[in-house]
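S.K.: could you work out the structure for the sequence below:
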Amino acid sequence: MKQQNHTIHAAFLSLLLTGSTKTEPTINNLLEELGYPSDVFKDNSDRFPSKKLGRLLRLFAIKLNDETFGFFQRPTKLGAMKMAVTIALHATTLRASIEKFIKFWSLIHDDVTLELVEKGEEASIHINLNSPTTQRNTTIYIALVLLLFRWMSWVINKRIILNRVKFVGETPFYHKDLSSVIPCPYYFNSKTTELCFRRVDLDLPIAQQYENIPAYIKALPNFITTRLFDSTITAQVKQILREQENIEALPLKVVAEKLNKSPQTIRRYLKQEDITFAEIKENVRKDMAIYHLTKTETPIKNICYLVGFSEPSAFNRAFKKWTGYTPGEFRDIS
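M.R.: Model (predicted):
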């Protein structure tokens, strides 16, 4: 997982650090301590270095004795995240680890709930804030998604391949920044907030040891704010397929030529990433279908042909295998 330092909207930082009105005076003090003017948030065009944001988040949590910065009714006291991660390592698979993490979270917070859902070939973690309010909650939803995504990847010591992320709430003004930290399609104005990934990944073994937890907790703020560059062959193949009009008919040989590699080399890399070319093509078709079902009014029959199916019945069967829903059911719930 290659990381690149970058900057973010100062206004995003302002939203992240103003979970409650009691925090506002502390923001100015901490900014000055880090060598920034206290009015850095006044101009939304200002940028803030992600590396310094990690330091700021750590200082902020210590000042408040709250690792979730005042967003919830009860504070997440210092040490709570370490305990959650420790308890979640008392598991053999990612599925069991997620379930333990969710159970611990439910014990310390009543106003946010997490739920693991398995349907068809997909798994998803649903995030619900019991009293959401416009922009502020959009920000905390994003922060929670990033936390869960980075934590799951850390637990198995392997990048989780996200299929998509959905958010309730309107598209935030800083949404273009998200492409550098969320390596998959993401949508706003959805009925639920959830991050979707391959169901088979739930059976992956836990790869971390307890002695690695202190370093993880120390680096956690940077995991949330540091840019990701997805250099996997899977991501590169997906990008090429998304740019094609007829991906179903596109052979591996053509894709390999675009990447200046041989088909054999592509297959070898994909095997290391635990995926096949056929699976990637299917995932891209699924992503295209979901986009049209949730973000356009394109008739389902037309979507069928757009994603390379010759018969609606075949599209219906494939989509239900992918998601556990028919295309019509998926459009209704989305």
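S.K.: could you use CA atoms for every contact and neighbour count after this?
M.R.: Will do.
S.K.: would you map the strands across the protein?
M.R.: Under the criterion DSSP state E, the chain contains strands at 2-4, 7-9, 47-49, 112-119, 122-129, 162-166, 186-187, 193-198, 227-229.
S.K.: hey, least reliable of the ones you listed by pLDDT?
M.R.: Ranked on mean pLDDT, the bottom entry among the strands of the chain is strand 2-4, at a mean of 44.
S.K.: can you give me the helices for the protein?
M.R.: Listed in chain order, the helices of the chain (DSSP state H) span 10-16, 24-33, 50-64, 80-88, 94-108, 134-156, 213-225, 233-242, 252-258, 263-272, 277-295, 300-306, 312-323, 327-333.
S.K.: closest one to Tyr174 among those helices?
M.R.: Tyr174 lies closest to helix 10-16 among those, at 7.0 Å (CA to CA).
S.K.: and the closest one, what's its mean pLDDT?
M.R.: Here the average pLDDT along helix 10-16 is 73.
S.K.: thinking again about what came up before, including distance to Thr193 and mean neighbour count, could the helices of the chain go into CSV?
M.R.: Output for the helices of the chain, formatted as CSV (distance: least, CA to CA, whole Å; neighbours: other CA atoms under 10 Å):
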stretch, distance to Thr193, mean neighbour count
helix 10-16, 18, 20
helix 24-33, 27, 15
helix 50-64, 24, 18
helix 80-88, 21, 18
helix 94-108, 15, 18
helix 134-156, 7, 19
helix 213-225, 17, 17
helix 233-242, 23, 16
helix 252-258, 34, 15
helix 263-272, 30, 15
helix 277-295, 14, 17
helix 300-306, 24, 17
helix 312-323, 16, 17
helix 327-333, 12, 14
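S.K.: pLDDT weak spots in the stretch 201-334 of the chain?
M.R.: When the per-residue scores of the stretch 201-334 of the chain are filtered using pLDDT under 70, the ranges that remain are 223-231.
S.K.: go with 90
M.R.: 218-251, 258, 269-275, 279-288, 290-298, 301, 305-312, 323-324, 330-334 (pLDDT under 90).
S.K.: follow-up on the earlier one: between the helices of the chain, which gets nearest to Thr192?
M.R.: It is, among the helices of the chain and with distance given as CA to CA, helix 327-333, at 9.0 Å.
S.K.: that closest one - contacts with which helices or strands?
M.R.: The helices and strands touching helix 327-333, judged by 3 or more CA pairs under 8 Å, 6 or more residues apart in numbering; DSSP states H and E, are helix 277-295, helix 312-323.
S.K.: to Ile8, which of the ones you listed lies closest?
M.R.: Shortest separation from Ile8 across those is recorded for helix 277-295, at 26.8 Å, computed as CA to CA.
S.K.: quick one: Tyr174 from Ala318, how far?
M.R.: Relative to Ala318, Tyr174 is positioned 35 Å away (CA to CA, to the nearest Å).
S.K.: not counting residues beside it along the chain, what's closest to Ile125?
M.R.: Nearest residue to Ile125, sequence neighbours excluded (CA to CA, 6 or more residues apart in numbering): Leu116, at 4.6 Å.
S.K.: which ones are touching that neighbour?
M.R.: With contact set as CA atoms under 8 Å, 6 or more residues apart in numbering, Leu116 has these partners: Ile98, Glu99, Ala123, Ser124, Ile125, His126.
S.K.: which of the strands of the chain sits most buried?
M.R.: Between those, the one whose residues have the most neighbours on average, counting mean count of other CA atoms under 10 Å, is strand 193-198 (a mean of 22).
S.K.: now what about that strand, what contacts it?
M.R.: 121-128, 141, 145, 149, 160-168.
S.K.: swap the cut-off to 6 Å and go again
M.R.: Contacts of strand 193-198 with the rest of the structure, by CA atoms under 6 Å, 6 or more residues apart in numbering, involve 122-127, 162-168.
S.K.: let me have these in TSV, adding distance to Pro185 as columns.
M.R.: What follows is the contacts of strand 193-198, written out as TSV (distance: CA to CA, whole Å):
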residue	distance to Pro185
Glu122	15
Ala123	16
Ser124	14
Ile125	16
His126	16
Ile127	18
Leu162	9
Asn163	7
Arg164	5
Val165	7
Lys166	9
Phe167	11
Val168	15
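S.K.: His109: which of those is nearest?
M.R.: If you rank the contacts of strand 193-198 by distance to His109 using CA to CA, Ile127 comes first, at 12.5 Å.
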